[in-house]
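> Got a sequence here, can you build the structure:
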Amino acid sequence: MAIHQTPSQRKTVERVMHEFKHGELKTARGRRKVKNPRQAIAIALSEAGASKYDTQRERRHNLRRTKT
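Sure thing, here's the model as predicted:
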């Protein structure tokens, strides 16, 4: 996971991982449940805007979208 996260990013990652543990996390289209923990972490970091594979602009956009 990302080393430097803001408190709001940590909160988002915690929420997504909680959904995964309870079997509520679904793929992007919302059809299938996520069963792979690595995929859940990737989704969490992407939603929190903390993924190193996204550009700075995508990170800001994802975090703003998650907060609303």
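
> Show residues contacting stretch 53-62.
With contacts defined as Cβ atoms under 8 Å, 6 or more residues apart in numbering, stretch 53-62 is touched by 46-51. (Each C-beta comes from the backbone N, C-alpha and C, glycine too.)

> now with 6 Å?
With contact meaning Cβ atoms under 6 Å, 6 or more residues apart in numbering, stretch 53-62 is reached by 47, 49.

> Find the nearest non-adjacent residue to the spatially most central residue of the chain, please.
For the chain, the residue nearest the mean C-alpha position is residue 44 (1.7 Å; Cα atoms, centre = their mean). Nearest residue to residue 44, sequence neighbours excluded (Cβ to Cβ, 6 or more residues apart in numbering): residue 16, at 3.8 Å.

> Heading C-terminal from the helix or strand harbouring the one you found, find the next helix or strand.
Element membership for residue 16 (DSSP states H and E) is helix 7-21. Counting by DSSP H and E, the next helix or strand C-terminal to helix 7-21 is helix 37-48.

> Run through who's touching that next one.
With Cβ under 6 Å, 6+ apart, helix 37-48 has contacts from 9, 12-13, 16-17, 20, 25, 34, 51, 62, 66.

> got the angle for it vs helix 7-21?
Counting by axes from the mean of the first three to the mean of the last three Cα atoms, to 10 degrees, helix 37-48 points 150 degrees away from the direction of helix 7-21.

> Now find how far off-centre helix 37-48 is within its chain.
Chain-centre distance of helix 37-48: 4 Å, with Cα atoms, centre = their mean, to the nearest Å.
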